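In: Dropping the sequence and predicted coords here.
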Amino acid sequence: DPSPLRRAYCIKEVFHTQASGARFEVVMSAEQQAAFETALVEDFDSIAAKLSEVDVRKAECRNPKDTEQILGELEREVGLTECNKAVFGLLRAAL
């Protein structure tokens, strides 16, 4: 479940990681890692479906003003569609 990618702050961090060329790592508990590896082999479609739900336009913060500020910043810097493409590309590479 890519729930962190529903948070505007996380999307912003992932985007800036990609844009800067820094190394991106996905960190999971041992239990999450085992479930993920099983899904990769047995049900890759479920992973693809979950990742397809990631959309910067739907990302939120607890404070609506923060959401507005972050999404506005990403829109001005690169555009939300391009931000989505960058985030998807980084996630694909991490798989």
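Out: Perfect, thanks for sending it.
In: Check the average confidence over whatever helix or strand Gln69 lives in, would you?
Out: Secondary structure from DSSP states H and E places Gln69 in helix 64-77. Average pLDDT, helix 64-77: 96.
In: Can I get that helix in PDB, CA atoms only?
Out: Extracted in PDB, the C-alpha atoms of helix 64-77 (Å, rounded to 0.1, in the frame of the first residue of the first chain):
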ATOM      1  CA  PRO A  64      -5.100  22.300   3.600                       C
ATOM      2  CA  LYS A  65      -2.900  25.400   3.300                       C
ATOM      3  CA  ASP A  66       0.200  23.200   3.100                       C
ATOM      4  CA  THR A  67      -1.500  21.100   0.400                       C
ATOM      5  CA  GLU A  68      -2.200  24.200  -1.600                       C
ATOM      6  CA  GLN A  69       1.300  25.500  -1.100                       C
ATOM      7  CA  ILE A  70       3.000  22.200  -2.100                       C
ATOM      8  CA  LEU A  71       0.800  21.500  -5.100                       C
ATOM      9  CA  GLY A  72       1.200  25.100  -6.200                       C
ATOM     10  CA  GLU A  73       5.000  24.800  -6.000                       C
ATOM     11  CA  LEU A  74       5.100  21.600  -7.900                       C
ATOM     12  CA  GLU A  75       2.700  23.000 -10.600                       C
ATOM     13  CA  ARG A  76       4.900  26.100 -11.000                       C
ATOM     14  CA  GLU A  77       8.200  24.100 -11.000                       C
END
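In: That one - contacts with which helices or strands?
Out: Secondary-structure packing of helix 64-77 (3 or more CB pairs under 8 Å, 6 or more residues apart in numbering; DSSP states H and E): helix 8-20, helix 80-94. C-beta coordinates here come from the backbone N, C-alpha and C atoms, glycine included.
In: Give me the below-cutoff pLDDT ranges for the chain.
Out: 1, 95 (pLDDT under 70).
In: Give the buried residues for the helix holding Gln69.
Out: Neighbour-count burial for helix 64-77 flags 67, 70-71, 74 (criterion: 16 or more other CB atoms under 10 Å).
In: Most distant residue from the centre of this protein?
Out: In terms of distance from the mean C-alpha position of the chain, Glu42 ranks first, at 22.7 Å (CA atoms, centre = their mean).
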